[in-house]
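Q: output the structure for:
(one chain, ligands or ions: 1)
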Amino acid sequence: PVLKELVGLSNLEEKIRRFYGLQKVVVVPGNCEESPLSKRELGKAGAKALLGVMHGGDVVAVTGGTTLAEMAEQLTYPLNGPLKGSWFVPARGGLGESLEIQANTIASNMAKRVGADYRLLHVPDLLSREAYESLVHDPNIQEIVREIRTARIIVHGIGNAVDMARRRKLDEETTSGLQEKGAVAESFGYYFDESGNVVHNMLTLGLRLDDIKAADVVLGIAGGKSKAKAIHAVLRFGQEDILVIDEAAALEIVRDL
Ligand code: BG6
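A: Residues are numbered from 1 along each chain as shown. Predicted structure coming up:
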């Protein structure tokens, strides 16, 4: 039965990989919404996938979230020595979520675990127009933003649009606007509709869509049956290279192919 299960998972991986022309898809058993063990396995698989593509001198931009926090937790010191000369940075904004799952915290935790360096971005995930205008001209912030925008690798979580709008405490008007525009997914501060079009963009500093398109490796990691639609929307956006998901999400996604 174990072998049969593994064959089942690799079939799911291959179906999604081929359909979207991805470099790699990893499906872990179970549903991480229901099982912490499954979420840990997801984190572990994400950590392994990242170490598989990282080398010295890389800039790796990471988002926040509970999934990325679990992934950081599961990163182990590389067998062939520390990843010296590599940098972890937050992808967009850095502050905003609770401390444990902020992009800044995740960047520094990941860096420490693999012997790399990190730089932080001390601006909120969501800015007012005035705050944005003054921060965007700050030389120190410009310097780190420039570095973030050169990221060769981007590691990001994926969330349901409405859940993320609530978590980020967007006002009622913006949230209902998102729903009207058909937003189903959120990732790195961008909101996507079912076809993968960007329908809303959070005002913050860091990566832009062009940087995501220019990155060598975009690694998405998410799990849970309720996230299937969101994950699928981000796949249709079409920038993913490596996808790490759980079985519950994968089963829903293949049903839709
Ligand atoms: C946010 C990321 O911090 O976490 C988003 O910026 C992502 O890209 C979200 O959608 C996912 O959070 P979680 O807790 O479901 O992993």
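Q: now the residue nearest the centre of the chain: closest residue in space that isn't a chain neighbour?
A: When the chain is reduced to its mean C-alpha position, the nearest residue by Cα atoms, centre = their mean turns out to be residue 156, at 1.0 Å. Among residues not flanking residue 156 along the chain, residue 63 sits closest, at 4.4 Å (Cβ to Cβ, 6 or more residues apart in numbering). Glycine gets a C-beta too; all of them are placed from N, C-alpha and C.
Q: from residue 21, how far out is the one you found?
A: Distance of residue 63 to residue 21, given as Cβ to Cβ, to the nearest Å: 23 Å.
Q: same check on residue 94?
A: Taken as Cβ to Cβ, the span from residue 94 to residue 21 is 32 Å.
Q: give me the more crowded residue out of these two.
A: Counted by other Cβ atoms under 10 Å, residue 94 and residue 21 do not tie: residue 94 has more neighbours, with 29 against 9.
Q: pretty sure residue 30 is in a helix, no?
A: No - membership of residue 30 in a helix is not supported by DSSP: H, G, I helix; E, B strand; the rest coil, which gives coil.
Q: please name the nearest non-neighbouring residue to it.
A: Closest residue to residue 30 apart from its sequence neighbours, by Cβ to Cβ, 6+ apart: residue 38 at 3.4 Å.
Q: OK, contacts around the one you found?
A: Applying Cβ atoms under 8 Å, 6 or more residues apart in numbering, we find residue 38 in contact with 28-32, 223, 246.
Q: may I ask which of these has the most neighbours?
A: residue 223 leads the contacts of residue 38 on contacts (other Cβ under 10 Å) with 33 neighbours.
Q: so what's that residue up against?
A: Each residue near residue 223 by Cβ under 8 Å, 6+ apart is listed here: 28, 31-33, 38-39, 42, 67, 245-246, 248-249.
Q: neighbours around residue 162, how many?
A: Residue 162 has 18 neighbours, counted by other Cβ under 10 Å.
Q: check contacts around it.
A: 175, 178-179, 183.
Q: now pLDDT and distance to the ligand too, for those residues, in a markdown table please.
A: Below are those laid out as a markdown table (pLDDT from 0 to 100; distance: Cβ to the nearest ligand atom, whole Å):
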| residue | pLDDT | distance to the ligand |
| --- | --- | --- |
| 175 | 95 | 15 |
| 178 | 97 | 13 |
| 179 | 96 | 17 |
| 183 | 98 | 12 |
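Q: of those residues, buried ones?
A: The neighbour-count criterion (16 or more other Cβ atoms under 10 Å) marks 175, 178, 183 among the contacts of residue 162 as buried.
Q: my assumption is that the second one lies in a helix; please confirm.
A: The one in question is residue 178. Yes - assigned with three-state DSSP, residue 178 falls within a helix.
Q: surely it and residue 161 touch.
A: Yes - if you go by Cβ atoms under 8 Å, residue 178 and residue 161 touch, sitting 5.6 Å apart.
Q: list residues touching both of these two?
A: residue 191.
Q: below-threshold pLDDT in the chain: ranges please.
A: Low-confidence segments of the chain (pLDDT under 70): 1-2, 4.
Q: circling back to that earlier point, could you measure the residue nearest to residue 30 against residue 246, distance?
A: Distance, residue 38 to residue 246, using Cβ to Cβ: 6 Å.
Q: which SS state does residue 151 fall under?
A: coil.
Q: if I read this right, residue 66 contacts residue 102, doesn't it?
A: No - contact status for residue 66 versus residue 102: not in contact, 11.3 Å apart, counting by Cβ under 8 Å.
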